[in-house]
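Participant: Here is my input, please return the structure:
(chains A, B, C and D)
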4 protein chains.
Amino acid sequence: MPEYFPKIKKIKFEGPDSKSPLAFKHYKAKQKVLGKTMEDHFRFAVSYWHTFKGQGMDPFGLPTMERIYNNSSDEMQVAEQTLDASFEFFTKLGVNFWCFHDADVCPEASTLSETNARLDKLAKQAKRLQDDTGVKLLWGTCNLFSNPRFMSGAATNPSPQVFAFAAAKVKKALEVTKYLGGEGYTFWGGREGYETLLNTNMGRELDHLAAFLHMAVDYKKEIKFKGQFYIEPKPKEPTKHQYDFDAASCYAFLQKYDLVDHLKLNIEANHATLAGHSLQHELEFCCANGILGSVDANRGDELLGWDTDQFPTNIYETTMAMYVILNNGGFTTGGLNFDAKVRRQSTDPADLFHAHIGAMDAFARGLKNAAKMIKEKRLSKIVKKRYAGWDSAFGQKIEKGKVGFKELEIYTLKHGEPKVNSGQQELLENIINDYI
Amino acid sequence: MPEYFPKIKKIKFEGPDSKSPLAFKHYKAKQKVLGKTMEDHFRFAVSYWHTFKGQGMDPFGLPTMERIYNNSSDEMQVAEQTLDASFEFFTKLGVNFWCFHDADVCPEASTLSETNARLDKLAKQAKRLQDDTGVKLLWGTCNLFSNPRFMSGAATNPSPQVFAFAAAKVKKALEVTKYLGGEGYTFWGGREGYETLLNTNMGRELDHLAAFLHMAVDYKKEIKFKGQFYIEPKPKEPTKHQYDFDAASCYAFLQKYDLVDHLKLNIEANHATLAGHSLQHELEFCCANGILGSVDANRGDELLGWDTDQFPTNIYETTMAMYVILNNGGFTTGGLNFDAKVRRQSTDPADLFHAHIGAMDAFARGLKNAAKMIKEKRLSKIVKKRYAGWDSAFGQKIEKGKVGFKELEIYTLKHGEPKVNSGQQELLENIINDYI
Amino acid sequence: MPEYFPKIKKIKFEGPDSKSPLAFKHYKAKQKVLGKTMEDHFRFAVSYWHTFKGQGMDPFGLPTMERIYNNSSDEMQVAEQTLDASFEFFTKLGVNFWCFHDADVCPEASTLSETNARLDKLAKQAKRLQDDTGVKLLWGTCNLFSNPRFMSGAATNPSPQVFAFAAAKVKKALEVTKYLGGEGYTFWGGREGYETLLNTNMGRELDHLAAFLHMAVDYKKEIKFKGQFYIEPKPKEPTKHQYDFDAASCYAFLQKYDLVDHLKLNIEANHATLAGHSLQHELEFCCANGILGSVDANRGDELLGWDTDQFPTNIYETTMAMYVILNNGGFTTGGLNFDAKVRRQSTDPADLFHAHIGAMDAFARGLKNAAKMIKEKRLSKIVKKRYAGWDSAFGQKIEKGKVGFKELEIYTLKHGEPKVNSGQQELLENIINDYI
Amino acid sequence: MPEYFPKIKKIKFEGPDSKSPLAFKHYKAKQKVLGKTMEDHFRFAVSYWHTFKGQGMDPFGLPTMERIYNNSSDEMQVAEQTLDASFEFFTKLGVNFWCFHDADVCPEASTLSETNARLDKLAKQAKRLQDDTGVKLLWGTCNLFSNPRFMSGAATNPSPQVFAFAAAKVKKALEVTKYLGGEGYTFWGGREGYETLLNTNMGRELDHLAAFLHMAVDYKKEIKFKGQFYIEPKPKEPTKHQYDFDAASCYAFLQKYDLVDHLKLNIEANHATLAGHSLQHELEFCCANGILGSVDANRGDELLGWDTDQFPTNIYETTMAMYVILNNGGFTTGGLNFDAKVRRQSTDPADLFHAHIGAMDAFARGLKNAAKMIKEKRLSKIVKKRYAGWDSAFGQKIEKGKVGFKELEIYTLKHGEPKVNSGQQELLENIINDYI
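Facilitator: Numbers count the residues shown, from 1 in each chain, chains lettered A, B, ... in the order given. Take a look at the predicted model:
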């Protein structure tokens, strides 16, 4: 097997004083933090689509990135080479998981059955590579948005034939994910939304989306796929408005259609900010409602209105994300998938490594910061104290439903104006800076 | 009783050729559209807070508007004069409903019992004015955000004493609303959210909010108040992040805490756009999920990031809003409340009339446009045709749950690539322009 | 010559009652408004890039639109067919102008000299088609953003070799524009900005951009090209931040580098809103500073953060745009170029016609509304009255610089608090609705 | 003199291991960095308006903060007490500068002459306090936006009488600033803009604004005030659109009206982001054009659309700001003014200290990081290398204007496709993290 990243050796931990751009300064896979190794905390995954299929195209420009594994006019040969290259990359980088869409790995043929045959072949290769390297599949997914047939949605398409086509694609993707031992499967409704309400029957489309997911749940049982299902919120782009707008929209939908037991959420940082929320908000919302599944670790640019999918490097964000995740008990089936792409001008293969190394180091710092915050309890003590009234007899009466408006009016008439305390936001922000 | 708007006579319908700024050009209360009078379609309400208590203050400037009824140093006299002035305004304008917060009508005294006594007195005056004029209360509400005691929220406050105080306030507001024959009661969670997640226990706060609403439901039953409860989404402002972010967030919350049967939504145009949605989206979302209650009719400025609460004058928006509302069967308990304020520089009392007249005319045009669209079916036929496949035998099999992934795969393998059709957005937009 | 839009006949004016989607309801080319024909007011142009080269691709999806003229594997044959098709389109639609980038018309070859030879050949064909149809070139331009060589900018590239390549491209594009009798030439700095300030020398890049434009000015003189130069503001996309952010940024740059006499602005509606301005603001800013040149007529979606380039159909916007343009004396060299694309789902060739017809009708309504507003002076009288103080002796003393702070303090101490008047915004908005 | 912050002692440097919330962990006034003391680098100033006049009011709520110095019904006594309290604060905090508006220090009386007399009295007190403490005035300014007379602008008011009133106010403010030895004077055009273009004559208003500033320049000469004039960009809020939108808008205006020699810019972080720019962008734009004057150090919340004026605590931002400022030679007359307010819930006087301490520490870290970056040159070397082509003979020919389009075409035809290099954004971002 040829080497596709010949200039890059296996990335090693060299510590914070290293000046090498191709070494970890903070991420040490086997180092234990709060009793668990870093690699087990993070369950880092590389996204096949951005890292191996992205070539720097944007709406105003052609691809900028040349990769050795694309040097063939035979698309299956490119597919096979790319798969080999990807496992070389995973191994050199030292991540334990990958994620992919069917269409990333497998070029679509002119009929579905041919495409499925191709996918089987490539899945076999992937299985062998997994076995050889120990790299595992965090989750699989199905691309239901690139092909023109899906231009008006997949499960929410005005045509039941397109719905059927999407069903057939997801069926196959589930089978392949199971075959590869995937620990999860993600639904991202890229075009499940609308361009204009003028031509849209929203209620009917939502019903169809729910029907589709119930079919997936049924088929999962049938084939005994044990992985976790995820749904991934994004407010817009490619469509004007997507039904899975944010975590709350997804949760409303899952409840209405009795799907809460079957899907958890895969939260993406950049999707959060496009919806007007911080990543931390979306994570806390999921934790508060018991629906956090996995995380697409990237970052957006809050001054831009589209999905920039940049690599996460902001230590504040990695710290607070890990703080919430650790307080929620950490990942079980999920992990941190780098749904991020190098910038269009970052044309060297080495840039792919810089990007992932920087992100992994940023999360390693975030984890250590969060662990220290948890141990020292400076933050949590202040929060606990702020809500202490609710742990008193009076607070507990309310929480336990033992009083109503009448009792509370009597209490208030008797006790008068309640005391209020400073929210101490600046102090808390200063404390966070002590950990950065 | 002195006249507070002496220069203004009762506003009359003069038709589209009138050049008078103090006449209706399109709104004719008793004119029937689709078998119902305009006034019954709209159920227009004036917002007491903006129209009678707003004086043009903003974060950078002092009040600019002088009103005769404020000319006293005795706050109860001001309150009484303002109430008189408001019913003069309602009557001259020709609206049938009003909406208010307790704190708009009644200046807070130093103790709750005194405040309640004041409120009783003013409610009596309001009742008499209602009886005299025939103007009714669309909904009442309680201000749980202006007083410093609520700086960290009301039902979601870290202190149970503040929760209790809020409970006492809402109890009283419900009683007064019932006394005034209010057809509804609205909960707007102005500070039910957070400034920073660093000091916030989101899950616990959400539990408290639900507990509060359940107490309200219980008390409503107890006092046999028949009005409809509404919850009003707003994403942010005054807080950084409010729990009732948008319609979907509210719906997720109502479902989780088993409150769907008890509260409908009061949708505000400007709150919709601040959350990244069009007004039409929020209305359609509510219709699709059976939770549309009432509408706060205003408009925002999409280039500004705060709640500008401008009067609705955009004919596109009034047309599409009425189209959705008519298709949903129209209002029952709800109506169109002008939660809107004249600009800070619009300092003349006449500007209050201009503003409401313009908005009512804009909705009258919207209603007539929407009625014509419904009669002519140009839009709905295109939409129906777009989804026709779902009415076919094949589509029905899916909708009725008679097929799953396996059957759909077989179908797809057999039939191959589905046909896709143009979404015709430009044509539809041109059709809309035929109605504007 | 084959017919490329065989189902479409020449679009005719049928008046407002027509239900035909392929007829003008308001636009009548030869109808005079304020003494000038509609076609002379608007100088409508079709954008070659969107209408003939756009195929519905987006960052998440493949092309959706199939066009007859693309049915060849020989790229020069496609180019020639497309050119023929475009003039068939212009003629059937009845527009008098077109606009293009070099790269739209001419597929790039492997060397510059070959590309230039191709361009010469296609320019010859275009010249012949122009002569045959009477359609003229509103402006030409050069694509300096799609090819990977321009990934880091053209005139602002860190490499002088890329700057040189861009210079050679623009030289040729100017020659071709002159050859085709172009009435203008536009510079749009698609990648003249930065992705990250970390690798950017802003001052040096701005100097280079100015040097480039001065070279263009010099070469224009040398070849005696008489067309007007335009610069087109856009704040971001494709880059994170573009130097020509908005009209004010462009004006600051043109002044600093002594280019004001040589370039006017080409204002695009969607670029305005992405920069946080209304279209009307950008137009008025240009008029106030004497730099309005031409207009890219489209519209954005203010709830989305990217350039949607939708066709302009909002009558409020076309009315106010025409009001400003008419008050500024109308277009001279410039015109209304439809820099707009049909939605990705609008896959029928007929949709291209619907889109342009709707936009032209929207501008026809806007023009008629604006002309009526100008004749009736309801708006302008109010504005004139609002500033009347400045026409008084006192106001004129200030405007003519005859008084300073000392005199104004004396005046103020003597006269005391000035009277202020209502801004009457709601009244003015109602008046606008009388014209919609 | 009573003590107004009796619980707070002088804030000391205790180093990074201190757990005291009322000590500096990083800011050590006399510590030298790159040959200059920290205090001389920063020239920190406290904003009188937020810190002493802000009481937590917001558009939805009443004041929340009680301060001892407000405990009087005599407004002049409050003013005097507040002034005393402020110098106690400056001294305990250890900042060397303050900034104020006339209206912050001095309550407006019923006539201008009375107000001026009050201001003289308070200025005398301030002078004495300055002399006693050594605290100096970084810049003064005049509030031309709070009083209703300025509701439609000051220099851009439709009434010349209001213009005159504003002139009289600024005249006095300049005199007081001079009297107090102010090192600068800032113009912030809070209402110099518009609410609606419908009632606005933009060109005339801009002319008036320029006339006003020229009068100020003349008067400055007359009274021999040596301080620097600043103009401060802000895009919107309180008005819909402000003429001083961003640094580029200001620069366009200053050039057009021949004011560049007389005013520099005072850049505010939160105003930058509201205009769609990063703080670093605005600083670099000013440096590239030689117009950087001073900085209002705060931060916004990019997910909110209004001016939150939070204290700057983000180490990334303080690092990059100081990097740009140091590379530009540091401050001369300007400095870092904390135009920031504690959150509405931060009701304790101690919170004012926490906020300033956190910000000063954040800048101290930023300065040390930036100094290290400058010394180590890791970033600047990469940037220099990126532009190296421009330092070659070929690049220099272009920069020196020795070649034009023809020569560059010949060069390009000869040399063919230029080599392009990776922009290395991810690597650069990783390097920044090495300093955080």
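Participant: Where do the domain boundaries of chain A fall?
Facilitator: A:12-376, A:390-435 (automatic domain parsing).
Participant: CSV for those domains, including mean neighbour count?
Facilitator: C-beta: built from backbone N, CA, C; applies to glycine. Below are the domains of chain A laid out as CSV (neighbours: other Cβ atoms under 10 Å in any protein chain shown):
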stretch, mean neighbour count
domain A:12-376, 21
domain A:390-435, 18
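Participant: okay if I get those domains as a markdown table plus mean pLDDT?
Facilitator: As requested, the domains of chain A are exported to a markdown table (pLDDT from 0 to 100):
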| stretch | mean pLDDT |
| --- | --- |
| domain A:12-376 | 98 |
| domain A:390-435 | 98 |
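Participant: nearest to chain C, of the ones you listed?
Facilitator: domain A:12-376 (0.9 Å; Cβ to the nearest Cβ).
Participant: ends of the closest one, how far apart?
Facilitator: End-to-end span of domain A:12-376 (Cα to Cα, to the nearest Å): 30 Å.
Participant: can you redo the domains of chain A as JSON lines with distance to residue B:163?
Facilitator: Output for these, formatted as JSON lines (distance: least, Cβ to Cβ, whole Å):
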{"stretch": "domain A:12-376", "distance to residue B:163": "18"}
{"stretch": "domain A:390-435", "distance to residue B:163": "6"}
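Participant: need the contact list for the residue nearest to the spatial centre of chain A.
Facilitator: Taking Cα atoms, centre = their mean, the centroid of chain A lies closest to residue A:296, which sits 2.2 Å from it. For residue A:296, the contacting residues are A:232, A:266-271, A:337-339, by Cβ atoms under 8 Å, 6 or more residues apart in numbering or on different chains.
Participant: Next: residue A:245.
Facilitator: The contact partners of residue A:245, taken as Cβ under 8 Å, 6+ apart, are A:233-236, A:275, B:246, B:248, B:276.
Participant: ok, back up a step: which stretch among the domains of chain A comes nearest residue D:407?
Facilitator: Taking Cβ to Cβ, domain A:12-376 is the member of these nearest to residue D:407, at 27.6 Å.
Participant: Figure out how far the closest one is from the centre of its chain.
Facilitator: 5 Å (Cα atoms, centre = their mean, to the nearest Å).
Participant: try stretch A:5-12
Facilitator: Taking Cα atoms, centre = their mean, one finds the center of stretch A:5-12 at 27 Å from the center of the full chain.
Participant: From start to finish, how long is that stretch in a straight line?
Facilitator: First residue to last in stretch A:5-12 (Cα to Cα) measures 16 Å.
Participant: What of stretch A:301-313?
Facilitator: Rule used - Cα to Cα; the end-to-end distance of stretch A:301-313 is 12 Å.
Participant: Quick check, residue A:342 in contact with residue A:350.
Facilitator: No. Residue A:342 is not in contact with residue A:350 according to Cβ atoms under 8 Å; the separation is 10.0 Å.
Participant: coming back round to it: go through the contacts of residue A:245 and flag which are in helices.
Facilitator: If you go by DSSP state H, the contacts of residue A:245 have residue B:248 in helices.
Participant: On the strand side of things, show who the residue nearest to the centre of chain A bridges to.
Facilitator: On the basis of DSSP bridges, residue A:296 is bridged to residue A:268, residue A:337.
Participant: quick one on the thing from earlier: do you know which of the domains of chain A lies nearest residue C:390?
Facilitator: Minimum separation from residue C:390 across those (Cβ to Cβ) falls at domain A:12-376, 38.6 Å.
Participant: Leaving out the residues flanking it, which one is nearest to residue A:209?
Facilitator: Leaving aside its sequence neighbours, residue A:209 sits nearest to residue A:155 (Cβ to Cβ, 6 or more residues apart in numbering or on different chains; 4.7 Å).
Participant: what about the one you found, which helix or strand?
Facilitator: Counting by DSSP states H and E, no helix or strand carries residue A:155.
Participant: residue contacts, it?
Facilitator: By Cβ under 8 Å, 6+ apart, the contact list for residue A:155 reads A:144, A:163, A:166, A:189, A:192, A:208-209, A:211-213.
Participant: In three-state terms, label residue A:287 for me.
Facilitator: At residue A:287 the chain is in helix, as set by DSSP: H, G, I helix; E, B strand; the rest coil.
Participant: Which parts of the stretch 201-350 of chain A are helices?
Facilitator: A:202-222, A:247-256, A:269-274, A:279-289, A:315-327, A:349-376 (DSSP state H, counting those that start in this stretch).
Participant: on that earlier part again, taking the contacts of residue A:245 one by one, which sit in strands?
Facilitator: For the contacts of residue A:245, not one is inside strands, with DSSP state E as the criterion.
Participant: Let's have the contacts of residue A:245 in JSON lines, adding distance to residue A:414.
Facilitator: Output for those, formatted as JSON lines (distance: Cβ to Cβ, whole Å):
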{"residue": "A:233", "distance to residue A:414": "46"}
{"residue": "A:234", "distance to residue A:414": "51"}
{"residue": "A:235", "distance to residue A:414": "47"}
{"residue": "A:236", "distance to residue A:414": "51"}
{"residue": "A:275", "distance to residue A:414": "44"}
{"residue": "B:246", "distance to residue A:414": "39"}
{"residue": "B:248", "distance to residue A:414": "41"}
{"residue": "B:276", "distance to residue A:414": "45"}
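Participant: from the contacts of residue A:245, which is closest to chain D?
Facilitator: Here the nearest of those to chain D, counting by Cβ to the nearest Cβ, is residue A:275; it sits at 9.6 Å.
Participant: separation between the closest one and residue B:248?
Facilitator: As judged by Cβ to Cβ, to the nearest Å, residue A:275 and residue B:248 stand 10 Å apart.
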